[in-house]
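What follows is a predicted protein model with its sequence.
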Number of protein chains: 2
Amino acid sequence: MVTRLSNFFLRTLREDPAGAEVASHKLLIRAGYIRPQAAGIFAWLPLGLKVKAKIETVIREEMAAAGAQEVHFPALMPREAYAATGRWDEYGDLLFRLQDRKGGDYLLAPTHEEAFTLLVKDLYSSYKDLPLTIFQIQDKYRDEARPRAGLLRGREFTMKDAYSFDASDAGLDTSYMAQRDAYERIFQRLGLEYAIVQADAGAMGGSRSEEFLHPTPVGEDTFVRSEGGYAANVEAFTTAVPDAVAFDDAPEATIFDSPDTPTIETLVAHSNAVLDREVTAADTLKNVVLALRHLDGTRELVVVGIPGDREVDPKRAEVAFAPAEVETATPEDFEANPLLVKGYIGPWSPTGAVLGEESATGIRYLVDPRVSEGTSWITGANIDQKHAYSVIAGRDFEADGIVEIANVRDGDPAPDGSGPVSLARGMEIGHVFQLGRKYAEALGLKVLDENGKLVTVTMGSYGIGVTRILAIIAELNNDDKGLIWPASVAPFDVHVVAAGRDQIAFEVAEKAAADLEAAGLDVLYDDRPKVSPGVKFGDAELVGVPHVLVVGRGAADGQVELWDRRTGEREALSLDAALERLRG
Amino acid sequence: MVTRLSNFFLRTLREDPAGAEVASHKLLIRAGYIRPQAAGIFAWLPLGLKVKAKIETVIREEMAAAGAQEVHFPALMPREAYAATGRWDEYGDLLFRLQDRKGGDYLLAPTHEEAFTLLVKDLYSSYKDLPLTIFQIQDKYRDEARPRAGLLRGREFTMKDAYSFDASDAGLDTSYMAQRDAYERIFQRLGLEYAIVQADAGAMGGSRSEEFLHPTPVGEDTFVRSEGGYAANVEAFTTAVPDAVAFDDAPEATIFDSPDTPTIETLVAHSNAVLDREVTAADTLKNVVLALRHLDGTRELVVVGIPGDREVDPKRAEVAFAPAEVETATPEDFEANPLLVKGYIGPWSPTGAVLGEESATGIRYLVDPRVSEGTSWITGANIDQKHAYSVIAGRDFEADGIVEIANVRDGDPAPDGSGPVSLARGMEIGHVFQLGRKYAEALGLKVLDENGKLVTVTMGSYGIGVTRILAIIAELNNDDKGLIWPASVAPFDVHVVAAGRDQIAFEVAEKAAADLEAAGLDVLYDDRPKVSPGVKFGDAELVGVPHVLVVGRGAADGQVELWDRRTGEREALSLDAALERLRG
């Protein structure tokens, strides 16, 4: 049945909606795909629902091809399983929590690892039952602090989440690759260029984790890649650790006066003036004081030594210290720890092996991987107005650990030896993740193995944000006139416009729309009798169907125009030729 | 792709689940269609999801044919609109309420009248935009006090809710009929016999309301129907009011001693003894004291006079007094109102026109429609141990109003004159409802009419419980061995069983399954290598696919068995003949 604009539930808007900043947010509302209901919560109008359904169909087909079976969980879930894995608390304010009339605790699930784990535990008991991959396409909830960018970060969103269950690590690898391959096919079909990058396995405790990022300068994620094929989210990038350097012949560590040099810049200038060699920021060791807020509420100061030419990357720091939260050290922190001489902090250790003074402060001293054995540094002396040179790691100080919080730069060597990396920006469009046994252990999911012994199942988790993908496609496919859908997800195949007031134009357009629909195309027909051609054309461009067939003045002579929404090309041709072309 | 039981996510259970009482609840869990997650909340397994999808497809097709357009609202909705219509409070404990991190009030929508009203208000402004009917298929929430019977009354359920918008009453009638007709086609396609009965428009304030009931002795709803075509839910049944009777020549009301006659039974026996005529319970007027709990929390006593041969029907009373709740009068109520002489209460009035004593109690006196002008009654005298006869309505007392709380009986006349009614039981499978202007008024949905004047839009609301329908179909289609799906919603068309240990049986079954799938049928193939034929047959009967093709010992000779799950018929025939039959 041809969809007619005269009674289609659609009103396009001339003005950008208040508060919308990104193109997809503005255009999806203006073109009548979605309507806001509350911050980060949207209703879907017929146009939006059609695009969403097309994306879901692509996902379902590829999930089926990968052997994944569909199930469906409620959004409203009881607390118990989430408490058992700790996530009831860990999610913090992100979780919508509520109680039923009997006072029972419930949540609106932000993701369903627990529920899937328990479902398999409920029904399966033997290694012979595995492998199993099950998935759902379902509406999820997260109470984001700042829901923004429309569907890109909403509080309700539709997600395809799949979970694999295997009795062995090798099985998990196979299941993981099947989902990873399916994701490649899904993004190819959706016309979304992607890079697969290593991601941080982080607090989830998993062993392998990769993100599918769409490379785009407006992306919110930063990743690195080498020409040799290495690719990683910047949070997951690991620094190639230099070989140890012999320091038998190295000169002694020497303290020198360095008045008014609390910054790396002033230290470098002063060092170049007083030392008889050329010094750059990379020769200095910067010691940063951070405060960690642990899950149990306690607060811990740590000092981290990083090369002076690097900055702390907040996102890498967040991941490195998760689940603790990273806070800035306050003036009160320095007051409470007079041994921390601001601007002149040196390597630091709870065991007291510090420069300048023997002491035990209980503060952990961590270093960047580049601060490896035998490296020599100009650094603070833990004495006001004094620094030291020839301070050698492994000789003059030992760190309590290594931590990766320094920023990554173009030209840094990839950890796999595949050459220097370059930085790029991208949007996350999918995530595949080896959870390992964390959830199965917490919830007791075990099966009998070949020898009749109980073994804990190992799991994978695989997510695609359906509504997020839709927004990303809209974000990447638009111009100043409106949306430009790729054919694979367009709400309609053809937008037929009857332009002008000639009855013949309407008659020809009507027949053309019916012909195209009969040929299996999904047709939107602008049959509005009293709307000007200009308004109709504007609406067609805003709505963004790939092909626009304009039937106007030439209709009586069998002449029409065929517009390509993406290229903007407008070709005058005979109706028959146009129909032939559209039918493909 | 043929679905193979060897890796299909399905485990049938031998035992009925604890707490399940009705057949659909037991069987849908045992046969692996759903799994309970919390009271009244279920996860959907692959089998269940397939049946649900088939029901949804039927509904979507008929909605489209009726010109309804699909949209989708979130389950999580902000409080405001529901407060504007009063439903935030009226829903009471049935509503799941929660707050977001900023303390904003939200609810899990039990239904979306408000949201649809606001959406149309948002986008439409002229009568020319109407009529419009939009619908969604969406997961809803109600915190039922006693979730029970599995999906028949859950706390989460999938519903198709449609809403129509019209500028005129005539338009609403047309939109209403289009949905009503679509419902008839939907239930016909789903193989669900139905009766369309008048329903109570009740607190929703609407003008026309009909329920689709499936007639079944195990239904929870009672309805009445006459041979002349009248049909109504028992709550909506209205009593035919008798014509007024002249009472000019009637004898005076006379009080008589009636010791120890606090019940109708004792009063009738006593009256027959002391009065010189035959008296039945229908000649007496029973005055029932009820307590109404109003929305604002206040409690009001009322006295209702009904013929002595009738009982109060609690459901009719609930509807008659909604939104107030009906409670039983307590001994304290009688103590506090000494004029209410228990067992001897007569017609009663706040204006003081009572028998026995002049008084003003402030208690409303309501009567059944049969207590019409001129009718003569034997009733209480409002004096202990005394009744009165020849008490005539309209002469000796005036009621404050008419109320329908008396039970309906087989043989009662239909209010439309179509003859006596008979009672039957049924299950509600759909509801169509003229909401009128209640929501549009509360939320300010107006459009400009032909004359440029703002008019309030009139609405309809049309609901089908998708998951409830699924459960009802299961409830009506099963035997002691398991489920028996109608073909239109069966999860698969054919269940192929390879029985026994002969390799040839598996080879033939494999090929048969592939052939049937290639012919467009949806095939479940039990290829489990080490499962006994008995277990496979049991599973096939439990799962309930309409046709079972058994490939066993005769496979080598091209002989198979074709089972009809519904009739139980088992026919031995050649494989070719069986395939031919199945391909239809």
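That came through fine.

what helix or strand is the spatially most central residue of chain A on?
The central residue of chain A, meaning the one whose C-alpha is nearest the mean C-alpha position (Cα atoms, centre = their mean), is A:Glu428 at 3.5 Å. A:Glu428 is part of strand A:421-436 when elements are defined by DSSP states H and E.

ranges for the helices of chain A?
A:23-30, A:46-65, A:80-84, A:87-90, A:113-123, A:169-189, A:264-274, A:314-321, A:331-336, A:438-443, A:466-476, A:503-518, A:533-543, A:575-583 (DSSP state H).

Can you add distance to chain B, mean neighbour count and mean pLDDT and give the ones you listed back as a markdown table?
Heads up, the C-betas are built off the backbone N, CA and C, glycines and all. Supplementary listing: those in a markdown table, determined by distance: least, Cβ to the nearest Cβ, whole Å; neighbours: other Cβ atoms under 10 Å in any protein chain shown; pLDDT from 0 to 100:
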| stretch | distance to chain B | mean neighbour count | mean pLDDT |
| --- | --- | --- | --- |
| helix A:23-30 | 11 | 24 | 96 |
| helix A:46-65 | 5 | 19 | 98 |
| helix A:80-84 | 9 | 18 | 93 |
| helix A:87-90 | 15 | 16 | 90 |
| helix A:113-123 | 4 | 21 | 96 |
| helix A:169-189 | 13 | 19 | 97 |
| helix A:264-274 | 39 | 16 | 93 |
| helix A:314-321 | 20 | 18 | 91 |
| helix A:331-336 | 28 | 11 | 90 |
| helix A:438-443 | 14 | 20 | 94 |
| helix A:466-476 | 11 | 25 | 95 |
| helix A:503-518 | 13 | 18 | 96 |
| helix A:533-543 | 14 | 19 | 97 |
| helix A:575-583 | 23 | 16 | 95 |
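
any weak-confidence spans in chain A?
Applying pLDDT under 70 to chain A picks out residues A:201-206, A:348-361.

Would you mind splitting it into its domains for me?
The domain map for chain A lists A:49-74+A:110-237+A:423-475, A:254-402, A:492-583, with the assignment taken from automatic domain parsing.

Between the ones you listed, which one is closest to B:Lys50.
With distances scored as Cβ to Cβ, the stretch of those nearest to B:Lys50 is domain A:49-74+A:110-237+A:423-475 (8.7 Å).

what residues does stretch A:479-493 touch?
A:3, A:27-28, A:30-31, A:33, A:47-48, A:50-51, A:54-55, A:58, A:189-191, A:470, A:473-474, A:477-478, A:516, A:521-524, A:538, A:541-547, A:565-566, A:582 (Cβ atoms under 8 Å, 6 or more residues apart in numbering or on different chains).

With chain B as the reference, measure out to A:Gly103.
Noted for A:Gly103: a distance of 11 Å to chain B, by Cβ to the nearest Cβ, to the nearest Å.

what do you get for A:Thr111?
The spacing between A:Thr111 and chain B, counted by Cβ to the nearest Cβ, is 15 Å.

Provide a list of residues in contact with that residue.
By Cβ under 8 Å, 6+ apart, the contact set of A:Thr111 is A:Lys140, A:Met159, A:Asp161, A:Ser461, A:Gly463.

for A:Glu318, same thing?
By Cβ under 8 Å, 6+ apart, A:Glu318 lies in contact with A:Glu235, A:Glu325, A:Val326.

And those, which of them are buried?
Under a neighbour-count criterion of 16 or more other Cβ atoms under 10 Å in any protein chain shown, the subset of those counted as buried comprises A:Glu235, A:Val326.

so which of the contacts of A:Glu318 comes closest to B:Tyr91?
The shortest distance between B:Tyr91 and any of the contacts of A:Glu318, using Cβ to Cβ, involves A:Glu325 and amounts to 39.1 Å.

quick one on the thing from earlier: farthest-apart pair in the contacts of A:Thr111, please.
The largest separation in those, counting by Cβ to Cβ, is between A:Lys140 and A:Ser461 at 13.2 Å.

between the two, what contacts are shared?
Taking Cβ under 8 Å, 6+ apart as the criterion, A:Lys140 and A:Ser461 both touch A:Thr111, A:Asp161.

Quick check: closest non-adjacent residue to A:Pro215.
If you skip the residues right next to it in sequence, A:Pro215 has A:Gly426 as its closest partner in space, 4.7 Å away by Cβ to Cβ, 6 or more residues apart in numbering or on different chains.

Any idea what the one you found is bridged to?
Taking DSSP bridges, one finds A:Pro215, A:Asp221 as the beta-bridge partners of A:Gly426.

isn't it right up against A:Gly219?
Yes: assessed by Cβ atoms under 8 Å, A:Gly426 is found in contact with A:Gly219 at 4.1 Å.

what do the two both touch?
Taking Cβ under 8 Å, 6+ apart as the contact criterion, the residues that touch both A:Gly426 and A:Gly219 are A:Leu213.

Please identify which of the two sits among more neighbours.
Under the neighbour definition other Cβ atoms under 10 Å in any protein chain shown, A:Gly426 and A:Gly219 were set side by side, and A:Gly426 has more, 25 against 18.

re earlier: I'd like to know which of the helices of chain A is closest to A:Val224.
For the helices of chain A, distance to A:Val224 was read as Cβ to Cβ. The smallest value, 11.5 Å, belongs to helix A:314-321.

Keeping just the C-alphas, turn that closest one into PDB.
Taking only C-alpha atoms (Å, rounded to 0.1, in the frame of the first residue of the first chain), the coordinates of helix A:314-321 have been written out as PDB:
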ATOM      1  CA  PRO A 314      41.800  11.800  32.200                       C
ATOM      2  CA  LYS A 315      40.100   9.000  30.300                       C
ATOM      3  CA  ARG A 316      43.200   6.700  30.500                       C
ATOM      4  CA  ALA A 317      43.500   7.600  34.200                       C
ATOM      5  CA  GLU A 318      39.800   6.800  34.800                       C
ATOM      6  CA  VAL A 319      40.300   3.400  33.200                       C
ATOM      7  CA  ALA A 320      43.700   2.700  34.900                       C
ATOM      8  CA  PHE A 321      42.200   3.300  38.300                       C
END
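
in the stretch 451-584 of chain A, what residue is nearest chain B?
A:Lys530 (9.3 Å; Cβ to the nearest Cβ).

Counting neighbours, what do you get for that residue?
Under the neighbour criterion other Cβ under 10 Å, A:Lys530 is assigned a count of 7.

contacting residues for the residue of the stretch 301-450 of chain A found nearest chain B?
Per Cβ to the nearest Cβ, A:Val447 is where the stretch 301-450 of chain A lies closest to chain B, at 12.8 Å. Applying Cβ under 8 Å, 6+ apart, one finds that A:Val447 lies in contact with A:Tyr124, A:Ser125, A:Ser126, A:Tyr127, A:Asp129, A:Leu130, A:Ala167, A:Leu454, A:Val455, A:Val457.

What of A:Ser168?
Applying Cβ under 8 Å, 6+ apart as the definition, the contact partners of A:Ser168 turn out to be A:Thr458.

if I look at it, how far off is B:Gly436?
Using Cβ to Cβ, to the nearest Å, we find A:Ser168 at a distance of 64 Å from B:Gly436.

Run through the residues of the stretch 101-250 of chain A sitting next to chain B.
Within the stretch 101-250 of chain A, the residues that sit near chain B (Cβ under 8 Å from any Cβ of the partner chain) are A:101, A:104, A:106, A:108, A:115, A:119, A:122-124, A:132, A:134, A:139, A:141, A:143, A:145, A:155-156.

let's see it at 6 Å
Within the stretch 101-250 of chain A, the residues that sit near chain B (Cβ under 6 Å from any Cβ of the partner chain) are A:Arg101, A:Leu123, A:Ile134, A:Asp143, A:Glu156.
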